[in-house]
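*Asks:* could you work out the structure for the sequence below:
(2 chains)
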Protein chains: 2
Amino acid sequence: MRHLKVVLAYDGSEFHGWQVQPGLRTVQGTLAESIQHVTSEAVLPQGSGRTDAGVHALAQVASFALASPIPAANLKTALNHDLPPAIRVLEVSEVPPGFHARRSARAKTYRYRIYRGEICPPFLARYVYHHPYPLDEPAMMRAAGLVVGEHDFTSFAAVDPERKAREGEGEPVSNVRTVFLSQWERVVPPTDVGPAALGRAAQDHELVYIVRGSGFLHHMVRNLVGTFLLLGKGSLDEAGLRRILEARDRSAAGATAPPGGLYLVSVEY
Amino acid sequence: MRHLKVVLAYDGSEFHGWQVQPGLRTVQGTLAESIQHVTSEAVLPQGSGRTDAGVHALAQVASFALASPIPAANLKTALNHDLPPAIRVLEVSEVPPGFHARRSARAKTYRYRIYRGEICPPFLARYVYHHPYPLDEPAMMRAAGLVVGEHDFTSFAAVDPERKAREGEGEPVSNVRTVFLSQWERVVPPTDVGPAALGRAAQDHELVYIVRGSGFLHHMVRNLVGTFLLLGKGSLDEAGLRRILEARDRSAAGATAPPGGLYLVSVEY
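*Replies:* Predicted coordinates:
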């Protein structure tokens, strides 16, 4: 058997998340079907992690074993021909047998987009979280670094439906993760190119959260964003954020931010 | 009665076109419902023209009469609260009783986006026409100006389902229109801002058609684009384009380009 790695971009608004579910359109299920159409082999590609319904990917990674000798470049072309336009295969490559998209991952980067203009262009509605209300953006930017480092992120973790299964496989189930980068930035769209065609006003900026870490718990990025939003609204200060992190209690942190603003940007191996 | 003008942006991929149709979700029908929710008045807003299923608008204009004294700014806010995110009201203003969104229009501008990269980002699939195959883009750019001026555009007109109704109203039914501007341009996205978050490669440009005219026949912009694509593919030359224009025969021109790349950009009064 050959071992293959695929890199995928997808529009999460068209799927019930990554993970295959009976009777629902999912990214994993749709990809498995296309692999079967192309190679006649029934495989279930393993993702670097699940993304929830509505969450997007710029470069999700999945791996699977295949008997077919089809060259990687041809498989990429054939999959893109068979898949719906909402999923694109960016790369297909051979990997050693030991490679596993989730277990081999060393770091992941996510991005979360908040649209700050008064009116959200209809073309962005599925792709950003629209929050036109006042926010102390500098306070959010200053506090972003507080979660950098190795921490127990239980306060930011939803109950993980796969945890039991992983315990059974002998995988570590600690909620300790290392965040390498945590940063809020302001992004102002250019006025003279394509995006203007999508109806965005020049002054309507986005507030974008970028986080890179060794791994992320279920809902962790969206819960971090929800908590930074409390800081932006002035209902939490930096000392409060530190206390939430130390509390190791999910009920201490902010609400889970909506899925449409979240992108899995890259996975490092 | 007051007379009101609204300016709308919408994502055409979520609607069966502008015009109200029984049992189908249309922009006109959805807007009429929201006006009724807000004011309890049953009105049918008149658009500057229909857009087909899948065609987008950055600034469609519609007009209607209203008894309600609700201030324009409040109506805008209330409509945006009631409408789905795929339709946004950008402006509401009072206009004189004689104003009619279609009959009063003096010029319209459309844009058509062709995505030229090998892989179309999933986030753009509904918003561009993906054409990664070779095109003689300079030839298309050079030929664009040939349709400028006053011409009978019958060769680029689909049969207009509303034509009979307009004849009954005594409106002109000539296929003569004046094109003020017709231009192809290459648009390269920036790499350091938001759009990169949507997975677009820096070198993957768009080929964009911009056309401004006194008015447009049914499918006219999409038929012009389809015909310029014949030039890009080398199966038509400038002399051939002139012959098509003079033929006044729809069967002479190229195929109708897909709707997702087309945007109604603005309407002038």
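*Asks:* check the nearest residue to A:P45 once chain neighbours are set aside and give its pLDDT.
*Replies:* Residue nearest to A:P45 in three dimensions, not counting chain neighbours: A:A62, with 3.9 Å by CB to CB, 6 or more residues apart in numbering or on different chains. Where C-beta positions appear, they are placed from N, C-alpha and C, glycine not excepted. Note on A:A62: pLDDT of 98.
*Asks:* check A:E167 and give its pLDDT.
*Replies:* A:E167 is assigned 66 on the pLDDT scale.
*Asks:* residue in the stretch 101-250 of chain A with the shortest distance to chain B?
*Replies:* A:A125 (3.6 Å; CB to the nearest CB).
*Asks:* how many residues are close by the nearest residue to A:P258 once chain neighbours are set aside?
*Replies:* Excluding the flanking residues, the one nearest A:P258 by CB to CB, 6+ apart is A:Y129, at 5.1 Å. The local packing of A:Y129 (other CB atoms under 10 Å in any protein chain shown) involves 20 other residues.
*Asks:* surely A:Y129 and A:I114 touch.
*Replies:* Yes - taking contacts as CB atoms under 8 Å, A:Y129 lies within contact range of A:I114: 5.1 Å.
*Asks:* who's the residue nearest to A:P45 bridged to?
*Replies:* When bridges are called by DSSP bridges, A:A62 pairs up with A:V6, A:G47.
*Asks:* quick one: contacts for it?
*Replies:* If a contact means CB atoms under 8 Å, 6 or more residues apart in numbering or on different chains, then A:A62 has A:5-6, A:8, A:28, A:31, A:45-48, A:101 as its contacts.
*Asks:* closest to A:L224 among these?
*Replies:* Nearest to A:L224 among the contacts of A:A62 is A:S48, at 18.8 Å by CB to CB.
*Asks:* measure that closest one to chain B for me?
*Replies:* Plainly put, A:S48 is 16 Å away from chain B if you go by CB to the nearest CB, to the nearest Å.
*Asks:* wait, that residue sits on A:R103?
*Replies:* No - using CB under 8 Å, A:S48 makes no contact with A:R103, being 9.5 Å away.
*Asks:* higher neighbour count, the two?
*Replies:* Using other CB under 10 Å as the criterion, A:S48 and A:R103 rank with A:S48 on top: 27 against 13.
*Asks:* for the more buried one, what are its contacts?
*Replies:* A:S48 sits in contact with A:60-62, A:101-102, A:105, A:108, A:264, A:267, where contact means CB under 8 Å, 6+ apart.
*Asks:* the same query, at a cut-off of 10 Å, please.
*Replies:* If you count contacts by CB atoms under 10 Å, 6 or more residues apart in numbering or on different chains, A:S48 has them with A:5, A:7, A:18, A:57, A:59-63, A:100-105, A:108, A:215, A:264, A:266-269.
*Asks:* from A:V7, how far off is the closest residue to A:V89 other than its chain neighbours?
*Replies:* Leaving aside its sequence neighbours, A:V89 sits nearest to A:L79 (CB to CB, 6+ apart; 4.7 Å). Applying CB to CB, to the nearest Å, the value for A:L79 to A:V7 is 11 Å.
*Asks:* now swap in A:P134 and tell me
*Replies:* According to CB to CB, A:P134 and A:V7 sit 39 Å apart.
*Asks:* look at these two and report which has more neighbours.
*Replies:* In terms of neighbours (other CB under 10 Å), A:V7 is the more surrounded of A:P134 and A:V7; the figures are 21 against 10.
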